[in-house]
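Visitor: With the input below, show me the fold.
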Amino acid sequence: MSYKDEFIEIFTANVKRQGAQELLAWLDTTDFFTAPASTRFHGACTEGLVMHSLNVYKVMSEQYLEESDSLESFTLVALLHDLCKTNYYKSGFRNVKDDATGKWEKVPSFSVSDAFPYGHGEKSVFLIERFIRLKPSEAVAIRWHMGGFDDAVRGGCYAISEAYDQYPIAVKLHLSDLAATYLLEKGTSSVNKR
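Guide: Residues are numbered from 1 along each chain as shown. Coordinates of the predicted model:
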């Protein structure tokens, strides 16, 4: 089963909210199912973004889903937390010197081409809410999923502490994102082999 098929199967089975099918239809008009997850690090490869989204969902649902949690909420935040990366990267090439031969070679690369610079988590929330109304806990989880890597946090904003204190799903999403990125997806960059 392809990553796209797996994503659609999980999303359709777990998300019954109004607008869900419209969101899926919109995703098909974007590069979401073919885009990388980063420029050089985890998932810097074709289909890296959807692979990463599925990995976050798997970690979150297998390790953090409790009886009192909503599977629909977990599915929404895990699968869509990085929606901001849709139509965000462009592919190209860069020159890399082969150490063995001393010759320069063109290798695939990705760069950022952000047509809608709205922030990371904020942008994902904005794009989702064009189709599906998020609960406050879901919006907060997606907004703060980057944890200490978030620009606002690095700039001294302390709202993340309140968010994590009030909404356990935000902590669970952040931890799942870290586990997917640094444990499951180690070595998944097709452009960072050298």
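Visitor: okay, CA-based contacts and neighbour counts for the rest of this
Guide: Fine.
Visitor: could you pull out the helices for the protein?
Guide: 3-14, 20-27, 48-59, 71-80, 121-128, 136-143, 151-154, 159-166, 168-179 (DSSP state H).
Visitor: So Asp177 sits against Lys58, correct?
Guide: No. With contact defined as Cα atoms under 8 Å, Asp177 does not reach Lys58; the gap is 10.3 Å.
Visitor: So for these two, which sits in the more crowded spot?
Guide: Asp177 (25 against 18; other Cα atoms under 10 Å).
Visitor: so what's that one closest to, chain neighbours aside?
Guide: Val56 (5.4 Å; Cα to Cα, 6 or more residues apart in numbering).
Visitor: ok, the one you found - how many residues close by?
Guide: 30.
Visitor: same deal with Ala37?
Guide: 29.
Visitor: ok, now Lys16?
Guide: 11.
Visitor: which ones are touching it?
Guide: By Cα atoms under 8 Å, 6 or more residues apart in numbering, the residues touching Lys16 are Glu72.
Visitor: who's in contact with the most centrally placed residue in the chain?
Guide: Nearest to the geometric centre of the chain sits Asp82, at 2.9 Å (Cα atoms, centre = their mean). By Cα under 8 Å, 6+ apart, the contact set of Asp82 is 49, 53, 120-121, 124.
Visitor: quick one: which of these is most hemmed in?
Guide: Leu49 leads the contacts of Asp82 on contacts (other Cα under 10 Å) with 27 neighbours.
Visitor: Give me the nearest residue to that one, chain neighbours excluded.
Guide: Ala37 is the one closest to Leu49 (Cα to Cα, 6+ apart), at 4.1 Å.
Visitor: one step back: would a markdown table of the helices of the chain with mean pLDDT be doable?
Guide: Formatted as a markdown table, the helices of the chain follow (pLDDT from 0 to 100):
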| stretch | mean pLDDT |
| --- | --- |
| helix 3-14 | 98 |
| helix 20-27 | 98 |
| helix 48-59 | 97 |
| helix 71-80 | 98 |
| helix 121-128 | 97 |
| helix 136-143 | 98 |
| helix 151-154 | 80 |
| helix 159-166 | 93 |
| helix 168-179 | 97 |
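Visitor: would you turn these into CSV with distance to Gly92?
Guide: Shown next, in CSV, are these (distance: least, Cα to Cα, whole Å):
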stretch, distance to Gly92
helix 3-14, 23
helix 20-27, 23
helix 48-59, 16
helix 71-80, 26
helix 121-128, 25
helix 136-143, 29
helix 151-154, 27
helix 159-166, 36
helix 168-179, 27
